[in-house]
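[1] Turn this into a structure:
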Amino acid sequence: MSGPFSQQFEQHGAWRRSLAHRLRWLSAWLADNDLLDAAVAERLRAVEALMRTSRVMVAFVAEYSRGKSELINALFFAGYGRRIMPASAGRTTMCPVELRYDPALPTGLRLLPIATRLQPESLLHWRETAEGWTELPLVPTDGEQIAAALHKVAEVQRVPQDEARALGFWRDEAPDDNPPLDAAGLVEVPRWRHAVLNLPHPLLEQGLVILDTPGLNAIGAEPELTMSLLPQAHAVLFILGADTGVSRSDLAIWREHLGAAGQAADARIVVLNKIDTLWDSLSSPAEIEAQIARQCAASAETLAIAPARVLAVSAQKGLQARIAKDAELLAASRLPALEALLGPGLLAEREAILQRAVESGVGALRTEAGRILRQRQRELAEQAMELEGLRGKNAAVLRHMRQRVEQEQSEFEVAAAEVLVLRRALDQRLNEAQAVLGATALKTDLAQFAQALRRPGIKLQLAQVYGRTFDTLRHNLSEVQASLGEQQGLLQTAFRRLNAEQGFGLQVPAEPRLAQYIDEMSSIEQSHLHYLGVGNVLRLAQPAFCSRLAQALAIRVRAVNDAALGELEDWRRSAFSQLERQLKERRAAYAKRGESMDRVRDAAGSLDGRLAEIAGQGEHIRLLERRLRDLCEVLAGRKPDVPGSPAALAAAGTVPLAAA
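    Reported below is the predicted structural model:
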């Protein structure tokens with residue numbers, strides 16, 4: 001990938017759309033040929049939806065007045081020919097701002113009043129409802145209107161000191177960080193808690209989500225921001241001032257919210273902004289370069305991050321250069337160097353993840369569809385042998401063989417009934433495992449920690465309760481893993497018997513591995529321990545803050561448990577969709593065998609015709625096998641589309657899928 005980030009992201013979007021088209025075409029082809037069972041169909045739908053709706057979140061984090069908003073303008077919105085995000089001296093972004101696009105919602109800016117922090121509902125609750133928001137409709141092509149609306153995120157209001165404390169903007173334990181009181185004893189706080197701009201911008205339409213965060217006080221007062229939103233970011237740009245380097249408040253943000261325990265190292269980029277303030281006519285270019293290099297090296301050392309992840313830029317000059325189409329000034333701003341690090345690293349990793357999801361889904365369908373085709377071939381061969389054996393046989397022999405088929409069919413239905421019993425038993429065991437990780441059980445598991453948070457005053461031994469809570473959550477996952485091992489053994493025994501007695505080709509799906517979710521629980525525990533530290537003792541005495549902290553933690557942990565439950569459901573669906581498919585195929589095969597014998601009995605001359613029909617069906621199955629292999633190779637990226645083929649045309653969007 002090369003060029004500006006916008007161009008790189010457009011290439012990424014085209015790649016995703018192409019894969020989604022191919023997946024949809026393949027699903028239709030499999031369905032048309034009766035090769036798509038419920039489990040594989042669901043997996044393909046999930047992968048296709050992932051391709052079409054996958055979002056890439058880039059978060060911008062910094063203390064006030066570091067140039068976050070100007071950097072967003074330079075990277076993404078220079079095409080408007082003006083600033084879109086407010087960028088001026090002083091504080092401009094007073095609340096977190098999400099820039100995204102959802103076609104189901106009207107174009108506009110949604111603003112959540114700061115007073116909602118005084119209510120018990122979580123930020124996630126408010127983000128998923130239309131109630132309580134102030135909405136400003138916008139014209140997507142009117143840059144001036146959009147910029148004017150976004151100035152709303154800089155609005156403030158004045159409230160009494162007690163209300164500021166309840167809202168999280170006054171900390172008695174950190175008086176130096178508190179805003180000043182005015183003559184009336186009021187405190188200036190943000191007017192809005194959260195803002196969402198829904199805009200059909202080309203990059204946002206393709207799944208880019210931009211998160212602009214305010215300074216340290218606002219971040220710390222909203223635990224959900226650091227527990228839920230920031231961990232979702234695929235890249236985090238931490239912006240410093242090139243003239244100041246790492247200040248005390250910068251270091252506090254980094255250590256508490258972006259350090260090694262809080263964010264993956266390869267997702268973080270440190271940006272030293274405003275290098276134009278160092279462009280001194282009294283200094284030589286070499287001296288300016290040396291000063292910038294020293295600031296980069298010092299910042300990397302202070303933050304304990306690889307020097308290659310620290311870049312110096314001038315967002316203001318980069319935006320100016322992009323609007324004026326000044327290539328020389330753009331190079332001097334060093335913005336292209338930041339894009340060169342951000343684009344290929346972020347998008348290549350995202351594409352690798354999506355490609356692995358495609359390969360996993362395609363691998364599953366190829367295995368299952370291949371098993372179905374082999375089973376059909378085997379049953380056709382058995383029918384052909386059986387029919388060949390009928391040559392010259394009299395009516396009594398034919399009647400006897402017809403009775404034998406009916407007897408086999410009766411025995412098969414007995415086995416089918418046993419399969420139903422097995423399914424009910426495993427469903428019951430799986431329901432028990434799911435109950436351990438469900439919402440009701442989770443509420444019980446978190447109750448002790450929530451109760452400890454609700455205790456008035458200084459909360460002693462809170463860290464120990466927190467640790468015991470996560471021990472319980474990890475134990476639950478381990479317990480479910482052990483139960484899965486038992487169920488896997490039962491399934492293996494049953495499948496082995498059915499394969500031997502009924503000639504099935506059942507394969508036990510891989511047992512879900514929940515170790516990754518146990519590790520994720522540990523990561524959540526470690527990355528948020530700072531909320532329970534000495535620095536937050538007085539903040540933890542505030543009921544409103546404790547309530548937000550408990551809600552944010554519950555949301556993050558629930559997401560892990562839900563992902564584990566999804567693995568269990570995929571395993572169950574994969575196991576039983578095979579059974580359903582093979583039961584269906586076997587019943588159809590018995591019907592065809594009986595029909596063939598009846599036709600031979602009624603008209604002896606039809607034997608050769610039926611054998612020729614079976615041979616034709618066998619050749620068709622071989623053609624399907626070759627086509628399946630080719631389509632899967634194309635989707636896995638190991639083989640190009642044949643020019644003009646339905647899959648190639650569908651991927652390019654030049655023909656409707658029905659026509660393909």
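[2] how near is the spatially closest residue to residue 346 that is not a sequence neighbour to residue 410?
    In space, and not counting its chain neighbours, residue 346 is closest to residue 235: 4.7 Å by C-beta to C-beta, 6 or more residues apart in numbering. For the C-beta atoms, the positions are set from N, CA and C on the backbone; glycine is no exception. Plainly put, residue 235 is 63 Å away from residue 410 if you go by C-beta to C-beta, to the nearest Å.
[3] higher neighbour count, those two?
    Using other C-beta atoms under 10 Å as the criterion, residue 235 and residue 410 rank with residue 235 on top: 23 against 10.
[4] Please tell me I have it right and the more buried one contacts residue 58.
    Yes. Using C-beta atoms under 8 Å, residue 235 is in contact with residue 58, at 4.9 Å.
[5] Can you give the contact residues for stretch 236-245?
    58-62, 65-68, 71, 230, 246-247, 250, 253-254, 258, 263, 267-275, 277-278, 292, 295, 298-299, 302-303, 312, 342 (C-beta atoms under 8 Å, 6 or more residues apart in numbering).
[6] Report the buried residues of that stretch.
    Neighbour counts using 16 or more other C-beta atoms under 10 Å place 236-242 of stretch 236-245 among the buried residues.
[7] and what of stretch 275-288?
    275-276, 278.
[8] For stretch 499-510, output the C-alpha coordinates as CSV.
    In CSV, the C-alpha atoms belonging to stretch 499-510 read as follows (Å, rounded to 0.1, in the frame of the first residue of the first chain):
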residue,chain,number,x,y,z
ASN,A,499,-19.5,-44.1,10.9
ALA,A,500,-18.9,-47.9,11.5
GLU,A,501,-22.5,-49.0,11.6
GLN,A,502,-24.1,-46.6,9.1
GLY,A,503,-21.2,-45.8,6.8
PHE,A,504,-21.4,-42.1,7.6
GLY,A,505,-18.4,-39.8,7.1
LEU,A,506,-18.9,-37.7,10.3
GLN,A,507,-15.9,-35.7,11.7
VAL,A,508,-15.9,-34.3,15.2
PRO,A,509,-15.4,-30.6,15.1
ALA,A,510,-12.3,-29.2,16.9
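[9] following the helix ranked longest in the chain, which helix or strand comes up?
    When the chain is scanned for its longest helix (criterion: DSSP state H), the result is helix 543-602. The helix or strand immediately downstream of helix 543-602 is helix 606-635, counting by DSSP states H and E.
[10] Quick one: mean pLDDT for that following helix?
    In this model, helix 606-635 has a mean pLDDT of 80.
[11] any idea of the angle that helix forms with helix 543-602?
    Interaxial angle, helix 606-635 versus helix 543-602 (axes from the mean of the first three to the mean of the last three C-alpha atoms, to 10 degrees): 150 degrees.
[12] What values do phi and psi take at the residue nearest to residue 346?
    For residue 235, the backbone dihedrals (degrees, to the nearest 10) come out as phi -150, psi 140.
[13] distance of it from residue 464?
    Residue 235 is 36 Å from residue 464, by C-beta to C-beta.
[14] Strands of this protein, start to end?
    Counting by DSSP state E, the chain has strands at residues 56-61, 97-100, 108-113, 134-137, 156-160, 186-190, 192-198, 208-212, 235-241, 268-273, 310-312.
[15] What is the fourth one packed up against?
    So the one you mean is strand 134-137. Contacting strand 134-137 under the criterion 3 or more C-beta pairs under 8 Å, 6 or more residues apart in numbering; DSSP states H and E are the following elements: strand 108-113.
[16] quick one: strands adjacent to the strand it packs on?
    strand 134-137 (antiparallel), strand 192-198 (antiparallel) (DSSP bridges).
[17] got the CA positions of the last one in PDB?
    Extracted as PDB, the C-alpha positions of strand 192-198 are listed here (Å, rounded to 0.1, in the frame of the first residue of the first chain):
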ATOM      1  CA  TRP A 192     -21.500  17.300  26.600                       C
ATOM      2  CA  ARG A 193     -20.500  13.800  27.700                       C
ATOM      3  CA  HIS A 194     -20.100  12.200  24.300                       C
ATOM      4  CA  ALA A 195     -20.600  13.100  20.700                       C
ATOM      5  CA  VAL A 196     -21.200  11.000  17.600                       C
ATOM      6  CA  LEU A 197     -20.900  12.400  14.100                       C
ATOM      7  CA  ASN A 198     -22.700  10.200  11.600                       C
END
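[18] ok, how many other residues are close to residue 144?
    By the criterion of other C-beta under 10 Å, residue 144 has 11 neighbours.
[19] Identify the residue nearest residue 581 in space, chain neighbours excluded?
    Using C-beta to C-beta, 6+ apart and skipping the chain neighbours, the partner closest in space to residue 581 is residue 37 (4.5 Å).
[20] what's the pLDDT at the one you found?
    Looking at residue 37, its pLDDT is 73.
[21] got a list of what it touches?
    368, 372, 577-578, 580-581 are the contacts of residue 37 under C-beta under 8 Å, 6+ apart.
[22] Tell me how far it lies from residue 27.
    For residue 37 relative to residue 27 (C-beta to C-beta), the value is 12 Å.
[23] Overlap of the contact sets of those two?
    Joint contacts of residue 37 and residue 27 (C-beta under 8 Å, 6+ apart) do not exist.
[24] ok, residue 5 touching residue 75?
    Yes. Residue 5 is within contact range of residue 75, at 5.6 Å (criterion: C-beta under 8 Å).
[25] Identify the contacts common to those two.
    In contact with both residue 5 and residue 75: 339, 342, using C-beta under 8 Å, 6+ apart.
[26] so who does residue 103 touch?
    Applying C-beta under 8 Å, 6+ apart, we find residue 103 in contact with residue 200.
[27] Over to residue 504?
    The contact partners of residue 504, taken as C-beta under 8 Å, 6+ apart, are 375, 495, 498, 582, 586.
[28] Equivalent analysis for residue 388, please.
    So, once contact is read as C-beta under 8 Å, 6+ apart, residue 388 ends up touching residue 611.
[29] What does the pLDDT read for it?
    Residue 388 is given a pLDDT of 73.
[30] Next one: it relative to residue 205, how far apart?
    Separation of residue 388 from residue 205 (C-beta to C-beta): 62 Å.
[31] Thought residue 452 was touching residue 546, still the case?
    No. Contact criterion C-beta under 8 Å: residue 546 and residue 452 do not qualify, at 9.2 Å.
[32] list residues touching both of these two?
    Between them, residue 546 and residue 452 share no contacting residue under C-beta under 8 Å, 6+ apart.
[33] contacting residues around residue 5?
    Shown in contact with residue 5 (C-beta under 8 Å, 6+ apart): 75-76, 339, 342-343.
[34] And the pLDDT for the closest residue to it other than its chain neighbours?
    Once flanking residues are discounted, residue 5 sits nearest to residue 339: 4.4 Å by C-beta to C-beta, 6+ apart. Residue 339 carries a pLDDT value of 87.
[35] What is the burial count for residue 339?
    23.
[36] again, but for the one 4 residues further on
    Burial of residue 343 is recorded as 23 neighbouring residues (other C-beta under 10 Å).
[37] Apart from its chain neighbours, what residue comes closest to it?
    In space, residue 343 is closest to residue 8, 3.8 Å off (C-beta to C-beta, 6+ apart).
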